[in-house]
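Novice: Turn this into a structure:
(chains A, B, C and D)
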There are 4 protein chains.
Amino acid sequence: METIKEGDLVLIRFKDRRYLKRVESDKNFSYKGGVLHYKDLVGKPFGITVGELQIFKPTLEEIILYGIRRETQIVYPKDTFYAAHKLDLREGKKVLEFGTGSGATALVFSSAVGPSGKVYTFEREERIYRVAKKNLERFAPYDNVVLFNEPFSPERVGEVEFDAAFVDVREPWPFVEAVWSVLKPSAPVGFLLPTANQVQELLRHLRPFFGDVEVVEILTRPYKPNPDRFRPEDQMVAHTAYLLFAKKLSK
Amino acid sequence: METIKEGDLVLIRFKDRRYLKRVESDKNFSYKGGVLHYKDLVGKPFGITVGELQIFKPTLEEIILYGIRRETQIVYPKDTFYAAHKLDLREGKKVLEFGTGSGATALVFSSAVGPSGKVYTFEREERIYRVAKKNLERFAPYDNVVLFNEPFSPERVGEVEFDAAFVDVREPWPFVEAVWSVLKPSAPVGFLLPTANQVQELLRHLRPFFGDVEVVEILTRPYKPNPDRFRPEDQMVAHTAYLLFAKKLSK
Amino acid sequence: METIKEGDLVLIRFKDRRYLKRVESDKNFSYKGGVLHYKDLVGKPFGITVGELQIFKPTLEEIILYGIRRETQIVYPKDTFYAAHKLDLREGKKVLEFGTGSGATALVFSSAVGPSGKVYTFEREERIYRVAKKNLERFAPYDNVVLFNEPFSPERVGEVEFDAAFVDVREPWPFVEAVWSVLKPSAPVGFLLPTANQVQELLRHLRPFFGDVEVVEILTRPYKPNPDRFRPEDQMVAHTAYLLFAKKLSK
Amino acid sequence: METIKEGDLVLIRFKDRRYLKRVESDKNFSYKGGVLHYKDLVGKPFGITVGELQIFKPTLEEIILYGIRRETQIVYPKDTFYAAHKLDLREGKKVLEFGTGSGATALVFSSAVGPSGKVYTFEREERIYRVAKKNLERFAPYDNVVLFNEPFSPERVGEVEFDAAFVDVREPWPFVEAVWSVLKPSAPVGFLLPTANQVQELLRHLRPFFGDVEVVEILTRPYKPNPDRFRPEDQMVAHTAYLLFAKKLSK
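Specialist: Sure thing, here's the model as predicted:
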């Protein structure tokens, strides 16, 4: 049975909160009501209860929500998970992404395309690129991400024909034809757009390059898990971004 | 460049509608305004426009929405895609599922765990099992699904320790301990539950087997992709199911 | 006790459906499974059950949803009810409205301002004006609505200073200053706008006339009233219009 | 033209915030960046701009949101406004309410039924009753509210036959027959219920007293009023309560 080892990531659940930590034998986790010595976890199974704490093996979603450093606005897993499927990512696929931001989307795509797939991702701002680099080094499940510190340009990807692309930059419309040029026929593309204005502007630039356009918002409505007082949480995330998906048209 | 071949699946977009068809040279696609002879597609690139039609390579989501046969209520990709990520599925993972229903969830999981992963799925009703079998034979991206025509029981999966489980049956609570028994420590489990009553009942049975419980609904809000009259669609799917996720506790 | 009289409006509930009808002794209501002779209702109390039917006294909402004739897209009571309160309508207030459409909003406002209040409403299209006229004659709770068959112009309302205004026309921005000119200081104004483009355009024209701007959508999520299978309805109205509210600035 | 007088309520808008205050000549409003002397407002029109501040006449909604004291959880105007219309309240109607809570619902109903209507409202907890009393004395638009410090009982309302009723208590089901007994035939009743469990339990007790049952949630989705970056707010109120409406059945 797999047990907790020195250096493992753990998700600590304490009351309603979650913490992502690394097991380092000379360090502790302090919480209201006690201290956990990480060395006491080594050799124990994941899923154990230690006093008021529960110790789990983190999922990729939890790594993204509680582990990565951010220099940019959070990109929610709900959106990138949905994108991964709309883009039909799976084992072995090659996907283009820009801008990288904190690298959260690249992490999701890295996981989705697996060890034989490839994620090319471009981030022009050096400060953000450095954060993404660190997050990808720490958390990427596979060594399948190629990170560029420059704006996306078709020249830089050489002969690669991509199975899919995902674009998260403020003004994506100047890139429509360039993205089109590096995609396989019929390949899906996704765009993450916080404002209606961006969606409107992008819709004006998609033809004649992309068809089968869909625009959608993903809302996750969380509930209090109390069987005797079952009800939605009081507050929810009301908006992160509009997602636009389309497919490459052949000329 | 990949071109359309005899026997390929194609997604035909005509006005606001989508059709999933197989290219069979002796057959036609009739639509209001014309006829498409499939043989005329052979050798052409995906993504081409033929008159009022656009011909794309279908994604897994489109196969599920427009291709599979159903004997049960539709399970929406929005829910199973979300589940695939909450369950942290990726290349090589072993996932347990029941009830299979039409096989839509198994298709999503098959894609997510890739050729080196495994999906064990149980469907007790023979009529539904037969539909699922046919759908999986036609559409599964990999030969990694093991389908049982019986209720789930731990004995049948032998020594397999699962990385994750997903349960979509009317009364899942009698199975809580059995599911627990075949999972690895800390492994995530998901349940799909159409009614609040089911959530309430299940919540009463999770302890002491599962912790870190989340209940959530996924809502997708589609927009009309018109840049000059941008607005949500008039109608939306308001509810498919509550999703409950938890993680295995070690004793 | 009030009983049903010849000429009364009744709401007939049959299974999951509702019908708004007028009691006319020589007429019948035919439904799958039987016939109701209206004359049999006369003298009976509202709220009675007749076989599979239940006979209620209709509310204003039900009159609007099931009774009025429409030449234009439906304006949902959820939106106009909300507007009535954001506009702070109550007994004795004077409210301006245009375009009238089917008159549904005027009915809600007529009810809200009561017998001592006043609703001025303008509809430029004669065909629609005629429908509104008929609906108001049949259903307005008070004789407090003044209906004009012309575009709104401040000249036509003379010396009236309005407590509030509500605008439901495709292009409201040319009317901003005119509406401003007939309102009392600080008076609230509301706009009903189906598309994001309209909201964006209107927002550009509100200053320096109106401040304290709010834009909101009202969503009603209906549930199946089954205690053993409690859950939201499968489908819901996803969008009717954006509502924009603001208040008159004094110069 | 109406101008601001000593003792008037004003809504002060400063940046994105709103404050409800009373004009008292010897007092000031301090804000980041300055001080407003209330005496400087007297004689000025509502709607004026004073530096970074805008001074409006508050609507009833704003009085409820920013003015009343609360000892209980907030009851949102979106819910009580909707209820006022589902209950078909207007000039002259008599409505029963319990529990009173902070009095917010009674204020909405007081406004809706006007000077010739009547609101009977019952609050059993003395501490909460005192808060409601103060709020109603300060803010009720008409002298039409009768407030009881006791649980609702039909005996206390004597011969009054109510046009409608609204119930906001934790366990409303024991009161179903009592409420039924004081309503006119076919009269609408509303219930505010935070949890699904309450809705389920109440649904089991409504027959044979009430029919035409509807359960609904009201969601208000606010937008940032920026024409160049139009988008929903990041966060929204996800849940306040389920609303259940029904109509009295005659026996």
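
Novice: wait, isn't residue A:91 in contact with residue B:115?
Specialist: Yes. Look at residue A:91 against residue B:115 with C-beta atoms under 8 Å: they come within range, at 6.3 Å. Using the backbone N, CA and C atoms, a C-beta is placed for each residue, glycine as well.

Novice: who's more crowded, these two?
Specialist: Between residue A:91 and residue B:115, counted using other C-beta atoms under 10 Å in any protein chain shown, the more crowded position is residue A:91 (22 against 16).

Novice: Not counting sequence-adjacent ones, nearest residue to that one?
Specialist: Among residues not flanking residue A:91 along the chain, residue B:114 sits closest, at 3.7 Å (C-beta to C-beta, 6 or more residues apart in numbering or on different chains).

Novice: so what's that neighbour up against?
Specialist: Listed by C-beta atoms under 8 Å, 6 or more residues apart in numbering or on different chains, the contact set of residue B:114 reads A:90-91, A:114, B:90-92, B:142, B:144.

Novice: Leaving out chain neighbours, which residue sits closest to the residue in the stretch 1-150 of chain A positioned nearest to chain C?
Specialist: Residue nearest to chain C within the stretch 1-150 of chain A: residue A:82 (17.6 Å; C-beta to the nearest C-beta). Excluding the flanking residues, the one nearest residue A:82 by C-beta to C-beta, 6+ apart is residue A:218, at 5.1 Å.

Novice: and what of residue A:161?
Specialist: Going by C-beta to C-beta, 6+ apart, residue A:161 has residue A:184 as its nearest residue, at 5.0 Å.

Novice: The stretch 51-200 of chain A: strands as residue ranges?
Specialist: Secondary structure of the stretch 51-200 of chain A (DSSP state E, counting those that start in this stretch): strands at A:53-56, A:94-98, A:118-122, A:145-148, A:164-167, A:188-193.

Novice: what's the closest of those strands to residue C:29?
Specialist: Among the strands of the stretch 51-200 of chain A, the nearest to residue C:29 by C-beta to C-beta is strand A:188-193 (51.5 Å).

Novice: Tell me which other helices or strands that closest one touches.
Specialist: helix A:77-86, strand A:164-167, helix A:196-205, strand A:242-248 (3 or more C-beta pairs under 8 Å, 6 or more residues apart in numbering or on different chains; DSSP states H and E).

Novice: partners of it, with directions?
Specialist: Strands that pair with strand A:188-193, judged by DSSP bridges, come out as strand A:164-167 (parallel), strand A:242-248 (antiparallel).

Novice: can you give me the mean pLDDT across the last one?
Specialist: Think strand A:242-248. On average, the pLDDT along strand A:242-248 is 98.

Novice: Contacts for that strand, please.
Specialist: Against strand A:242-248 from outside (C-beta under 8 Å, 6+ apart): A:79, A:82-83, A:86-87, A:180, A:183-196, A:198-199, A:202-203, A:206, A:209-218, B:47, B:56, B:223, B:225.

Novice: mind running it again at 7 Å?
Specialist: Strand A:242-248 has contacts (C-beta atoms under 7 Å, 6 or more residues apart in numbering or on different chains) with A:79, A:82-83, A:86, A:180, A:183, A:185-193, A:199, A:202, A:206, A:210-218, B:47, B:56.

Novice: ditto for the first one
Specialist: Where contact means C-beta under 7 Å, 6+ apart, the residues beyond strand A:164-167 that reach it are A:83, A:87-89, A:93, A:95-98, A:105, A:175, A:179, A:183, A:187-191.

Novice: 6 Å instead, please
Specialist: Applying C-beta atoms under 6 Å, 6 or more residues apart in numbering or on different chains, the external contacts of strand A:164-167 come out as A:83, A:87, A:95-97, A:179, A:187-191.

Novice: Now do it: distance to the chain's middle.
Specialist: Relative to its chain's centre, strand A:164-167 lies at 13 Å (C-alpha atoms, centre = their mean, to the nearest Å).

Novice: Residue A:78 is in contact with residue A:217, isn't it?
Specialist: No. Under the criterion of C-beta atoms under 6 Å, residue A:78 is not in contact with residue A:217, lying 10.1 Å apart.

Novice: Helices of chain A, start to end?
Specialist: Secondary structure of chain A by DSSP state H: the helices cover A:60-66, A:77-86, A:104-113, A:126-139, A:176-182, A:196-205.

Novice: Which one of those lies nearest to residue D:37?
Specialist: Judged by C-beta to C-beta, the one of the helices of chain A that comes nearest to residue D:37 is helix A:196-205, at 41.3 Å.

Novice: same for the closest one, what does it pack against?
Specialist: If contacts are counted by 3 or more C-beta pairs under 6 Å, 6 or more residues apart in numbering or on different chains; DSSP states H and E, helix A:196-205 sits against no helix or strand.

Novice: list the buried ones in it?
Specialist: Within helix A:196-205, the residues scored as buried using 16 or more other C-beta atoms under 10 Å in any protein chain shown are A:196-200, A:202-203.

Novice: Dump the residues you listed into TSV; add pLDDT as well.
Specialist: Below are these laid out as TSV (pLDDT from 0 to 100):
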residue	pLDDT
A:196	98
A:197	98
A:198	98
A:199	98
A:200	98
A:202	98
A:203	98
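
Novice: Among those residues, which one sits closest to residue A:31?
Specialist: residue A:198 (41.5 Å).

Novice: ok, that closest one - contacts?
Specialist: By C-beta under 6 Å, 6+ apart, the contact list for residue A:198 is empty.

Novice: Look up how far residue B:227 lies from it.
Specialist: In this view, residue A:198 and residue B:227 are 11 Å apart by C-beta to C-beta, to the nearest Å.

Novice: returning to what we had before: what's around the residue nearest to residue A:82, how many residues?
Specialist: Number of residues near residue A:218 (other C-beta under 10 Å) recorded here: 21.

Novice: Look up how far chain C lies from it.
Specialist: Residue A:218 sits 14 Å away from chain C, going by C-beta to the nearest C-beta, to the nearest Å.

Novice: For the stretch 151-251 of chain A, what lies in contact range of chain B?
Specialist: Residues of the stretch 151-251 of chain A lying close to chain B by C-beta under 6 Å from any C-beta of the partner chain are A:185-186, A:196, A:200, A:203-204, A:211-213, A:215-223, A:225, A:227, A:230, A:247-250.

Novice: hmm, which of the residues you listed are the buried ones?
Specialist: Neighbour counting with 16+ other C-beta under 10 Å marks A:185-186, A:196, A:200, A:203, A:211-213, A:215-223, A:225, A:227, A:230, A:247-250 as buried within these.
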